[in-house]
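*Asks:* sharing a model prediction with you, sequence too.
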Amino acid sequence: MVELQTPQQAPQLDNVFHALGDATRRRMLRSLAGGEQTVGQLAEPFAMSLAAASKHIKALEAAGLIRREVRGRTHVCRLEPAPLASASEWLSYYQAFWTGRLDALERLLAEAPPSPAPTPTPTSPKRKRK
């Protein structure tokens, strides 16, 4: 069985899931999958200031998901996919667990005798209001 995380990895994995928990940061990562971008380019699709975009970028940096490089006055970001692999490995353990559980349920349902159709219950006639 794969070891899910060591005590040293736990904070890093927490940071990754925290970073991935925000839709804006996920969109930024998707954008960076296409190549390097400046902070301004990352902020452009969103109705936010550069300061707000910088906060998102710092969360992604803390998780190790991106690396920022300063080139003169320009901050360029690029994707660092290794932490995503760690998160995927962690999730795959649970995927295998639930797949096994659902397969077992499917087998039980296939072996179970069919239940009879429910019989309709008589309804009382509606009374007319006067």
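*Replies:* Yep, it's here. Numbers count the residues shown, from 1 in each chain.
*Asks:* ok, now how distant is the closest residue in space to E36 that isn't next to it in sequence from T99?
*Replies:* Spatially, and ignoring its direct neighbours in sequence, E36 is nearest to R78 (4.6 Å; Cβ to Cβ, 6 or more residues apart in numbering). Just so you know, the C-beta spots here come from the backbone N, C-alpha and C atoms, and that holds for glycine as well. Distance, R78 to T99, by Cβ to Cβ, to the nearest Å: 34 Å.
*Asks:* got it, and E89?
*Replies:* Taking Cβ to Cβ, one finds E89 at 16 Å from T99.
*Asks:* quickly note the distance from the residue nearest to E36 to R27.
*Replies:* For R78 relative to R27 (Cβ to Cβ), the value is 16 Å.
*Asks:* mean confidence for the longest helix along the chain?
*Replies:* In the chain, ranked by residue count with DSSP state H as the criterion, the top helix is helix 82-111. Mean per-residue pLDDT for helix 82-111: 84.
*Asks:* for the closest residue to A87 other than its chain neighbours, give me its contacts.
*Replies:* In space, and not counting its chain neighbours, A87 is closest to V16: 4.9 Å by Cβ to Cβ, 6+ apart. Applying Cβ atoms under 8 Å, 6 or more residues apart in numbering, one finds that V16 lies in contact with 63-65, 83-84, 86-87.
*Asks:* quick one: which of the residues you listed has the most company?
*Replies:* Within the contacts of V16, most neighbours by other Cβ atoms under 10 Å means L65, with 25 neighbours.
*Asks:* list the helices and strands the helix or strand bottoming out on mean pLDDT in the chain packs on?
*Replies:* The helix or strand of the chain with the poorest confidence is helix 82-111; it has a mean of 84 (mean pLDDT, DSSP states H and E). Judged by 3 or more Cβ pairs under 8 Å, 6 or more residues apart in numbering; DSSP states H and E, the packing partners of helix 82-111 are helix 9-20.
*Asks:* tell me the angle the helix it packs on makes with helix 82-111.
*Replies:* Using axes from the mean of the first three to the mean of the last three Cα atoms, to 10 degrees, the direction of helix 9-20 lies 90 degrees away from that of helix 82-111.
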